[in-house]
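J.: Predicted structure and sequence below. I'll ask about it afterward.
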Amino acid sequence: MCGIVGLTGHQPVNQAIYDALTVVQHRGQDAAGIMTCEGDRLFLRKSNGLVRDVFAAEHMLRLRGNMGIGHCRYPTAGSSSSSEAQPLYTNSPYGIALAHNGNLTNAGELRELLYREDLRHLNTDSDSEILLNVFAHELQRAGKLKLEAGDIFAAVSAVHHRCRGGYAAVALITGYGLVAFRDPWGIRPLVFGVRETEQGREYMVASESVALSALGFELVRDVAPGEGIIIDSEGQLHTHQCAEGPSANPCLFEFVYFARPDSIMDDVSVYKARLRMGDTLAEKINREWPDNDIDVVIPIPDTSRTAALQVAFQLGVKYREGFMKNRYIGRTFIMPGQKQRKKSVRQKLNAIDLEFRGKNVLLVDDSIVRGTTSREIIQMARDAGAKNVYFASAAPPVRYPNVYGIDMPTTDELIAHGRSTEEVCELIGADRLFYQDLPDLVEAVRIGNPGLKTFDTSVFDGHYVTGDVSEEYLARLARERSDAAKSKKDNQYRGVIDLHNAS
Ligand SMILES: O=P(O)(O)OC[C@H]1O[C@H](OP(=O)(O)OP(=O)(O)O)[C@H](O)[C@@H]1O
Ligand SMILES: NC(=O)CC[C@H](N)C(=O)O
Ligand SMILES: [Mg+2]
């Protein structure tokens, strides 16, 4: 679930983009990159690692210009090679750089067409390189030396015609400006904001509003599903609906886990949505187990804290931070391999025994996906002396793969796939397990913006809003994205020819 940012200002943007990337770091920990533009030159630095590790002072100095884009990556396609870190670049036409959050579901077909009909070369297996080249090819059709906003919007419309899946993108076109667009289903989030300075107005586009507020930008609004926005080199904003029949289907998992609680997405406060998830989860526990013997509610840091607080409040029991989180370990779910994920849970969380000893504890997490965290944590609670360990998930059972930008490609790895709540409860070693009901989760988010009618609920109910996800596609995805296939690919691409990239 990568993080993307784009900025145009009246002074160098390198530091501001860096700062914004640190704010969306929770969306992707594998690689980071910044591309800036000064005149007709683009400057790039990207590599594997966290934002703080990728950019040294000498790299920052070379990232010149008042306009730029940035990306932090959590791979969902291709390999983890640094050559697939973003932004990606193509020289023709004009010189274009692009950063993408999401995943294309028709990447295979587009790859073939780009090669056979559009005569474009792809140097990686990244679907984002495909998106970039489709956009570039459609811009080329304008056949103009001097682009106008209408030409760019026409290219974005053509991207919508050709591409399927989830995509929120920011791009730079040398000599023209910054472009951003969002898929017509509105699956992936994208917002833009403005900051007034003495030299004039500055614009910023980002995956999450928290990046805007951290940099002193005021949130203007979400980029609408299917909409394109341009900030030209004169600093003028142009917006246009580029899709026919767009609809909003924001990814529910953003609200459950991915987004930071202090973000506003599609006009919904993620924080408030998580509080409401806690309310309905507590209602369910009270309904199913009115005479429960829960002594204490303990969250599994970090993400579940907001919902857990409300569960405790509604159940009328104590809320205690029984697990301490090592602040230097990132998110485990978005780590690339199961071995690393498993090891990191114990490195990341440690129990405070006195909160567990002799007690009936209710552990609350935002979700149970592979069951890596819950299994380890329940054992840790028992080791710390808990009498009974109950578990509650603020999300319903995750039973289906994600194809729109979350690396959950196979049903095999999902602990709840084909299993009842009782079976999952036994597998994770809990004494009792409660899952949020899907209608309650939808409502917890929707109350924030009643205008939202539908959501991407695919991981919970197997319904894919783009309507193109076949059994065959899912089988191929599972083969290509297994841990073994990924590590084979990573080795194969280690030495790939890359753009000149300051090291
Ligand atoms: O069932 P699993 O496959 O373990 O996945 C679910 C867990 O992973 C996430 O935590 P993560 O450590 O990524 O991040 P957090 O610190 O934001 O909670 C999520 O919050 C759950 O705790
Ligand atoms: N999580 C994402 O948004 C991934 C973007 C893109 N599909 C990649 O793998 O780089
Ligand atoms: Mg967690």
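T.: Nice, I can see it. Ligands and ions are numbered 1, 2, ... in the order given.
J.: Could I get the average pLDDT for the helix or strand hosting Ala211?
T.: In the assignment (DSSP states H and E), Ala211 maps to helix 209-214. Mean pLDDT, taken over the full extent of helix 209-214, equals 98.
J.: Contacts for the helix or strand following it, please.
T.: Using DSSP H and E, the helix or strand that follows helix 209-214 in sequence is strand 218-222. For strand 218-222, contacts defined as C-beta atoms under 8 Å, 6 or more residues apart in numbering pick out 182, 189-195, 209, 212-213, 264-267. C-beta coordinates here come from the backbone N, C-alpha and C atoms, glycine included.
J.: of all those residues, which comes closest to Lys453?
T.: Asp266 (11.6 Å; C-beta to C-beta).
J.: wait, the closest one sits on Pro450?
T.: No - contact criterion C-beta atoms under 8 Å: Asp266 and Pro450 do not qualify, at 11.7 Å.
J.: what's the spacing between the one residue in the stretch 1-150 of the chain that gets nearest to ligand 1 and Ser207?
T.: Of all residues in the stretch 1-150 of the chain, His26 sits closest to ligand 1, at 6.7 Å by C-beta to the nearest ligand atom. Counting by C-beta to C-beta, to the nearest Å, the gap from His26 to Ser207 is 10 Å.
J.: okay, those two: which has more neighbours?
T.: Ser207 (31 against 22; other C-beta atoms under 10 Å).
J.: That one contacts Val24, doesn't it?
T.: Yes - the criterion here is C-beta under 8 Å, and Ser207 meets it with Val24 at 5.5 Å.
J.: Touching both of these two, which residues are there?
T.: By C-beta under 8 Å, 6+ apart, the residues touching both Ser207 and Val24 are Gly3, Ile4, Val5.
J.: For the first one, which non-adjacent residue is spatially closest?
T.: For Gly3, ignoring the flanking residues on the chain, the nearest one in space by C-beta to C-beta, 6 or more residues apart in numbering is Val24 at 2.9 Å.
J.: Verify the stated contact: that neighbour with Val5.
T.: Yes - under the criterion of C-beta under 8 Å, Val24 makes contact with Val5 at 6.7 Å.
J.: list residues touching both of these two?
T.: Going by C-beta under 8 Å, 6+ apart, residues that sit against Val24 and also against Val5 are Ala206, Ser207, Ala211.
J.: out of those residues, who's nearest ligand 1?
T.: Ser207 (15.7 Å).
J.: Count residues in the vicinity of Glu480, would you?
T.: Glu480 has 16 nearby residues by other C-beta under 10 Å.
J.: how about it, what does it touch?
T.: Counting by C-beta under 8 Å, 6+ apart, Glu480 has contacts Pro409.
J.: ok, now how distant is it from Thr105?
T.: Distance from Glu480 to Thr105, by C-beta to C-beta: 13 Å.
J.: before we move on, what about Tyr319?
T.: Counting by C-beta to C-beta, the gap from Tyr319 to Thr105 is 41 Å.
J.: And Phe153, by the same measure?
T.: Counting by C-beta to C-beta, the gap from Phe153 to Thr105 is 24 Å.
J.: for Arg45, same thing?
T.: 31 Å.
J.: ok, the two, which is more surrounded?
T.: Remark: of Arg45 and Thr105, Arg45 carries more neighbours, 25 against 22, as counted by other C-beta under 10 Å.
J.: unless I'm mixing things up, the residue of the stretch 1-150 of the chain closest to ligand 1 is touching Ser263, no?
T.: No - assessed by C-beta under 8 Å, His26 is found out of contact with Ser263, at 10.2 Å.
J.: Get me the contact residues on the stretch 351-500 of the chain for ligand 2.
T.: Counting by C-beta under 6 Å from any ligand atom, the stretch 351-500 of the chain comes close to ligand 2 at Gly405.
J.: pLDDT weak spots in the stretch 351-500 of the chain?
T.: 490-500 (pLDDT under 70).
J.: can you list the residues of this protein near ligand 2?
T.: So the chain meets ligand 2 at 1-2, 73-78, 100-103, 126-128, 405 (C-beta under 6 Å from any ligand atom).
J.: Among those residues, which one has the most neighbours?
T.: Asn101 (32 neighbours).
J.: Which strands or helices does the host helix or strand of that one pack on?
T.: Using DSSP H and E, Asn101 falls within strand 96-104. Helices and strands touching strand 96-104, by 3 or more C-beta pairs under 8 Å, 6 or more residues apart in numbering; DSSP states H and E, are strand 3-8, strand 31-38, strand 67-73, strand 88-90, helix 127-140, strand 165-173.
J.: out of these, which comes closest to Gly330?
T.: strand 67-73 (11.1 Å).
J.: The closest one to strand 165-173, inter-axis angle?
T.: Our comparison of strand 67-73 with strand 165-173, counting by axes from the mean of the first three to the mean of the last three C-alpha atoms, to 10 degrees, yields an angle of 150 degrees.
J.: Name the residue of the stretch 201-350 of the chain that lies nearest to ligand 2.
T.: Ile334 (8.5 Å).
J.: ok now do the closest residue to that residue other than its chain neighbours, which residues does it touch?
T.: Once flanking residues are discounted, Ile334 sits nearest to Tyr74: 4.9 Å by C-beta to C-beta, 6+ apart. Taking C-beta under 8 Å, 6+ apart, we find Tyr74 in contact with Met1, Cys2, Arg27, Gly28, Gln29, Asp30, Ile334, Asp407.
J.: Next: Ile368.
T.: Contacts of Ile368 (C-beta under 8 Å, 6+ apart): Ser374, Phe391, Ser393, Ala395, Pro397, Val398, Ile415, Ala416, Val424, Ile428, Tyr435.
J.: Just give me the closest of those residues to Asn133.
T.: Nearest to Asn133 among the contacts of Ile368, with distances taken as C-beta to C-beta, is Val398, at 32.8 Å.
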